[in-house]
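S.K.: Structure here, sequence nowhere to be found:
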């Protein structure tokens, strides 16, 4: 098998941990596999470098930041290569450039445009373990770029796709994807398998495990991911195509997102295109609007409700100020949370939504807004009931069984 | 003017010091010059990374070491670029690769083969300050290399040559080249100008200021160097062509090298080629033999005396063991020192050597070996008289005047 393994910052956070990673890689190689390892910077390093940059400027150029931040992964890659060499394994350490990773020119948030797999293929043919510095690439004209948060996951998935790897193992300090956050519901169970789409919808659950961009890329390239812990030998969670999951559960997981705020515009003027203008203005500020509900009140006036990330609320208020002649009143509620029920089984089963509403009613939790997709039901509720709602739903769908 | 400035590890050893460097660079730019800055890793960083590597292996691969060690200069280059940007100066930070520095394949001790100056020339045309990560380059086939000790000096000199810069300023914590080590003779004077060849002969004096490889390269490329301190505004020492030095002093400086040991082979067999064999065996072990004296003793037997670096003496003993059938007796004296008198003026003046011998005689110091070149007289003496000899010669040649 050809296996791509990615080890995050915590997994390589000290020399001892790098040694531990080397042993894991060695074991995989000794089992007869070809191995490509992608590594992050040692935990703390990237933040240290960001602090250094901020010492000089609140707004360092993104090009300079890329040169700065791409150094950490190079260090880890070299050290892991040295450790594996010492254990008797021939290796080749590669920067993003040497691994053939070509990105667009969006410094600090670059997108991988293509991978030239030849150097890696040649090294694998020679029986070498390849150690790649994650998170980084190079533009067509030779500029150093980085891939943004979770970038090393993207590197691993993209390489797995380019090499046609059998599996891409993403190691962190969490041993997989759970039915819900175990800190909220200790009865949460680790999922054996989950589809790409479910994983994407469970982003708030999975943020610590996998960034959405990596899951999207894995889906596009058909890369099978296994999210595992580097601190134990437990099997992880496989993230794969829906077709490859035999038993499709009705509900796979419950997610809670507390970084939500609600904006309510009352008495919005009845002018065509006004909603479009408002959302365009928010988009221009890179504010991610989530749920949107438009209603006609009893007085015949239009109300527009939507949710935004809580930490963007001040910026949202400024944007709303620009439109103050277009509505009678605006209300902001920072204390809301979004509870989501996710499962591919919903597609073919009815009654999932009604069970959610019943469960909320039984707990006397008021549902303020609802949105649904093929595989997800999301509800906006009072933030203080967030954990209670998660536990109640977890039990209602028998996820602890 | 086009000025290349190089700042060493101590000069960029903290965020405050990098800020100080930014101010110096800004001043040079504001004076109407084009500026290319070459930086080392922050002091301590390279040693930290070497320690990390040694944690995993006593003999890490040189290719991995290059990937590892080249990261520190990138950090400094990015940070200095950010600092200059914030002060309002457009900049472009470049890795060795981006600065067009192509080396041979000798990892950790690579030689610069050529520089493609176009990217730098274009940036200068746009009025930008260029900040280059020193110490590193890239092979024709894309491998990361480093240039060995003092490598950032080499980067600066090579860039100055490739761009036809008017001057290459090398900044460190020492403000120039002195007539001798001021710790030995407090009356030592800073030299205004010195020729490349004198500088090369004064290596042991100048080691803290400039590595020989950089001086050799500067001589080859005709690059005028100024060795200066980044901690004050004192003028430094200009290192240039002999022709550009109007007043050629008889003696420019006195150097003391205590890392010397003497090997004496008594009664060497009278067989053709035996000396060649011995020195070839030493060269194979990378042992640098300095002075060699062959004499015929009163008994008609051949004696062979030579000096080697004191810290290589154990290795030398092993090599001599291989030849034990070729001589009657071997003696080792680790307690010798080499005192050298250097000056281009010697070429056209006689009496320099005799003054040296007189001075030694007056101080009752026995001269064990002598070697001379066009611009240098070196004497091997008892190590304990090293400092005394330096002070006496410094006074004899009136270097304190």
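M.R.: Okay, I see it. Small disclaimer: the values here were computed from a predicted structure and weren't measured.

S.K.: Could you tell me which residues of chain A lie near chain B?
M.R.: Contact residues, chain A versus chain B (Cβ under 8 Å from any Cβ of the partner chain): A:15, A:18-19, A:22, A:49, A:52-53, A:55-57, A:60-61, A:63-65, A:67-68, A:70-72, A:74-75, A:77-79, A:81-83, A:85-86, A:91-93, A:95, A:97-98, A:142-144. C-betas here are computed from N, CA, C, even on glycine.

S.K.: Filter the residues you listed down to just the ones in strands.
M.R.: Taking DSSP state E as the definition of strands, the residues of chain A next to chain B contribute A:91-93, A:144.

S.K.: between those residues, which is closest to chain B?
M.R.: Among those, residue A:93 lies closest to chain B (Cβ to the nearest Cβ), at 5.3 Å.

S.K.: domain ranges for chain A?
M.R.: Following automatic domain parsing, one gets these domains for chain A: A:2-173, A:254-396.

S.K.: Separate out the buried members of the residues of chain A next to chain B.
M.R.: Buried members of the residues of chain A next to chain B, scored by 16 or more other Cβ atoms under 10 Å in any protein chain shown, are A:15, A:18-19, A:22, A:49, A:52-53, A:55-57, A:60-61, A:63-65, A:67-68, A:70-72, A:74-75, A:77-79, A:81-83, A:85-86, A:91-93, A:95, A:97-98, A:143-144.

S.K.: Which single residue of the stretch 251-400 of chain A approaches chain B most closely?
M.R.: Residue nearest to chain B within the stretch 251-400 of chain A: residue A:286 (22.9 Å; Cβ to the nearest Cβ).

S.K.: returning to that earlier point: let me have the ones in strands among the residues of chain A next to chain B in JSON lines, adding distance to residue A:354 and pLDDT as columns.
M.R.: As requested, these are arranged in JSON lines below (distance: Cβ to Cβ, whole Å; pLDDT from 0 to 100):
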{"residue": "A:91", "distance to residue A:354": "56", "pLDDT": "98"}
{"residue": "A:92", "distance to residue A:354": "57", "pLDDT": "98"}
{"residue": "A:93", "distance to residue A:354": "56", "pLDDT": "98"}
{"residue": "A:144", "distance to residue A:354": "53", "pLDDT": "97"}
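
S.K.: Pull the contacting residues for residue A:352.
M.R.: A:250-251, A:341, A:343, A:345-346, A:377 (Cβ atoms under 8 Å, 6 or more residues apart in numbering or on different chains).

S.K.: The same query, at a cut-off of 7 Å, please.
M.R.: Contact analysis of residue A:352 by Cβ atoms under 7 Å, 6 or more residues apart in numbering or on different chains lists A:250-251, A:341, A:346, A:377.

S.K.: Would you map the helices across chain A?
M.R.: All helices of chain A, identified by DSSP state H, fall at A:15-30, A:45-56, A:62-86, A:118-125, A:151-163, A:196-201, A:203-206, A:212-221, A:274-284, A:313-322, A:352-362, A:386-396.

S.K.: could you give the mean pLDDT of the longest one?
M.R.: Okay, so that is helix A:62-86. Averaged across helix A:62-86, pLDDT comes to 97.

S.K.: Mean pLDDT lowest where, among the helices of chain A?
M.R.: Comparing mean pLDDT across the helices of chain A, the weakest is helix A:203-206, with a mean of 60.

S.K.: Show me which pair in the contacts of residue A:352 is furthest apart.
M.R.: Farthest apart among the contacts of residue A:352 by Cβ to Cβ are A:250 and A:377. That separation is 11.6 Å.

S.K.: So for those two, which residue has more residues nearby?
M.R.: Comparing residue A:250 with residue A:377 by other Cβ atoms under 10 Å in any protein chain shown, the one with more neighbours is residue A:377, at 22 against 18.

S.K.: Contacts only, for the closest residue to chain B within the stretch 201-350 of chain A.
M.R.: Relative to chain B, the nearest point of the stretch 201-350 of chain A is residue A:230 (17.3 Å; Cβ to the nearest Cβ). Counting by Cβ under 7 Å, 6+ apart, residue A:230 makes contact with A:7, A:11, A:21, A:24, A:171.

S.K.: now swap in residue A:299 and tell me
M.R.: By Cβ under 7 Å, 6+ apart, residue A:299 lies in contact with nothing.

S.K.: Was I right to think residue A:189 contacts residue A:397?
M.R.: No: here residue A:189 does not reach residue A:397: they are 11.6 Å apart, not a contact under Cβ atoms under 7 Å.

S.K.: So between these two, which is more surrounded?
M.R.: Remark: of residue A:189 and residue A:397, residue A:397 carries more neighbours, 22 against 16, as counted by other Cβ under 10 Å.

S.K.: right, and that one touches residue A:251 too?
M.R.: Yes: between residue A:397 and residue A:251 there is a contact under Cβ under 7 Å: 4.2 Å.

S.K.: The spatially closest residue to residue A:388 that is not a sequence neighbour: neighbouring residues, count only.
M.R.: Closest residue to residue A:388 in three dimensions, ignoring its sequence neighbours and counting by Cβ to Cβ, 6 or more residues apart in numbering or on different chains: residue A:363, at 6.1 Å. Per other Cβ under 10 Å, the neighbour tally for residue A:363 reads 15.

S.K.: Could you give the backbone dihedrals for residue A:363?
M.R.: Per-residue torsions, residue A:363: phi -90, psi 10 (degrees, to the nearest 10).

S.K.: what's the closest non-adjacent residue to the most centrally placed residue in chain A?
M.R.: The C-alpha lying nearest the average C-alpha coordinate of chain A belongs to residue A:211 (Cα atoms, centre = their mean; 1.9 Å). Nearest in space to residue A:211, with sequence neighbours left out and distances taken as Cβ to Cβ, 6+ apart, is residue A:150 at 2.9 Å.

S.K.: And for residue A:73?
M.R.: In this structure, residue A:73 finds its nearest non-sequential neighbour in residue A:133, 3.7 Å apart by Cβ to Cβ, 6+ apart.

S.K.: Check residue A:105 too.
M.R.: Going by Cβ to Cβ, 6+ apart, residue A:105 has residue A:139 as its nearest residue, at 5.1 Å.

S.K.: and the residue of the stretch 101-250 of chain A nearest chain B?
M.R.: At 6.3 Å from chain B, residue A:142 is the closest residue in the stretch 101-250 of chain A, using Cβ to the nearest Cβ.

S.K.: Next one: the closest residue to that residue other than its chain neighbours from residue A:291, what distance?
M.R.: Excluding the flanking residues, the one nearest residue A:142 by Cβ to Cβ, 6+ apart is residue B:98, at 6.3 Å. Noted for residue B:98: a distance of 46 Å to residue A:291, by Cβ to Cβ, to the nearest Å.

S.K.: Equivalent analysis for residue A:244, please.
M.R.: Between residue A:244 and residue A:291 the computed distance is 31 Å (Cβ to Cβ).

S.K.: what's the answer for residue A:83, then?
M.R.: 48 Å.

S.K.: residue furthest from the geometric center of chain A?
M.R.: Outermost residue of chain A (Cα atoms, centre = their mean): residue A:299, 42.7 Å.
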